[in-house]
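S.K.: missing the sequence, but the structure's below:
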């Protein structure tokens, strides 16, 4: 028993002897970071270097480095200049248009970094400043990142916002995606409760229902019809949803629309 007590005392003494040096090291690190932050604030060259390192850390999906860059004063909402090239873990990406750090995380599908950026004050509804006018939500929907879409919606992302190029909303993009129907259906389900108008049209007069009919997603078509989507609206070419489905050769969609129209 005495041997155990002696060991405990010795261990406690060792901890007490180490603690001051650890505390001093922490204090030195805090002081060093504070000095770097002040230097960055007062020097544009250092600010630019920090911002570049910050964006590269996001591209490399190095969340620890991202967090450190934010702590040192990196701007989490600063849009990049068009033509930014970043080397990710898998490939090199050139962003022809302006993007925000959150949009880069959305493109990569890195949920952890996106969460960190939002926690630190990233604006979820910022749009690309140039032609496309995408938001982080629209990017996540376009990439089919279900969990990312959930995250952005939990931070009150605007569902009805239209991108600039074609005037598409997140719902119109989700309904018209070519990919996993099950995943796209789940994304449509997430978006619908916040949609102001299920029949909203893009610049070509296309609705979410028209896009789903053209793509050939029967479960998405059924859900949209049950949610109040109209079948008699026409796009800029004068086509109804039924005509779009017929032209695309989507026989199952044609059958669904005809049966639903009879019930109304």
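M.R.: Thanks, I have the structure now. Keep in mind that what you see is a predicted model, and the values were worked out from it rather than measured. Numbering: from 1, shown residues only.

S.K.: what are the ranges of the strands in the stretch 51-200 of the chain?
M.R.: 84-87, 92-95 (DSSP state E, counting those that start in this stretch).

S.K.: so where is the chain shaky, pLDDT-wise?
M.R.: Within the chain, the segments meeting pLDDT under 70 span 1-43, 129-131.

S.K.: if I pick the residue nearest the centre of it, what's in contact with it?
M.R.: Nearest to the geometric centre of the chain sits residue 106, at 3.5 Å (C-alpha atoms, centre = their mean). Residues counted as contacts of residue 106 (C-beta atoms under 8 Å, 6 or more residues apart in numbering) are 114, 136, 139, 140, 143, 145, 148, 152. C-beta coordinates here come from the backbone N, C-alpha and C atoms, glycine included.

S.K.: closest one of these to residue 215?
M.R.: Distance to residue 215 across those (C-beta to C-beta) is lowest for residue 143, with 16.2 Å.

S.K.: can you tell me which residues contact the closest one?
M.R.: Taking C-beta under 8 Å, 6+ apart, one finds 106, 107, 109 in contact with residue 143.

S.K.: the same query, at a cut-off of 7 Å, please.
M.R.: By C-beta atoms under 7 Å, 6 or more residues apart in numbering, the residues touching residue 143 are 107, 109.

S.K.: over to residue 67?
M.R.: Counting by C-beta under 7 Å, 6+ apart, residue 67 makes contact with residue 116.

S.K.: quick check: the gap between it and residue 50.
M.R.: Shown here: residue 67 relative to residue 50, a distance of 13 Å by C-beta to C-beta, to the nearest Å.

S.K.: again with residue 176
M.R.: Shown here: residue 176 relative to residue 50, a distance of 40 Å by C-beta to C-beta.

S.K.: again with residue 210
M.R.: Taken as C-beta to C-beta, the span from residue 210 to residue 50 is 46 Å.

S.K.: got it, and residue 108?
M.R.: Taking C-beta to C-beta as the measure, residue 108 falls 20 Å from residue 50.

S.K.: can you tell me the closest non-neighbouring residue to residue 110?
M.R.: Spatial nearest neighbour of residue 110, excluding adjacent residues (C-beta to C-beta, 6 or more residues apart in numbering): residue 61 at 5.2 Å.

S.K.: among the strands of the stretch 51-200 of the chain, which is the most enclosed?
M.R.: A comparison of those by mean neighbour count, using mean count of other C-beta atoms under 10 Å, puts strand 84-87 on top with a mean of 14.

S.K.: other SSEs contacting that strand?
M.R.: helix 44-59, strand 92-95 (3 or more C-beta pairs under 7 Å, 6 or more residues apart in numbering; DSSP states H and E).

S.K.: please name the nearest non-neighbouring residue to residue 157.
M.R.: residue 137 (4.2 Å).

S.K.: that neighbour against residue 152, yeah?
M.R.: Yes. Residue 137 lies in contact with residue 152 (C-beta atoms under 7 Å); the separation is 4.5 Å.

S.K.: joint contacts of these two?
M.R.: Contact criterion C-beta under 7 Å, 6+ apart; residues shared by residue 137 and residue 152: residue 124.

S.K.: may I see the helices and strands packed on strand 84-87 arranged in CSV, with distance to residue 166 as well?
M.R.: Compiled in CSV, these are given as follows (distance: least, C-beta to C-beta, whole Å):
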stretch, distance to residue 166
helix 44-59, 27
strand 92-95, 19
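
S.K.: just say which of those is most tucked in.
M.R.: Most buried of those, by mean neighbour count (mean count of other C-beta under 10 Å): helix 44-59, with a mean of 17.
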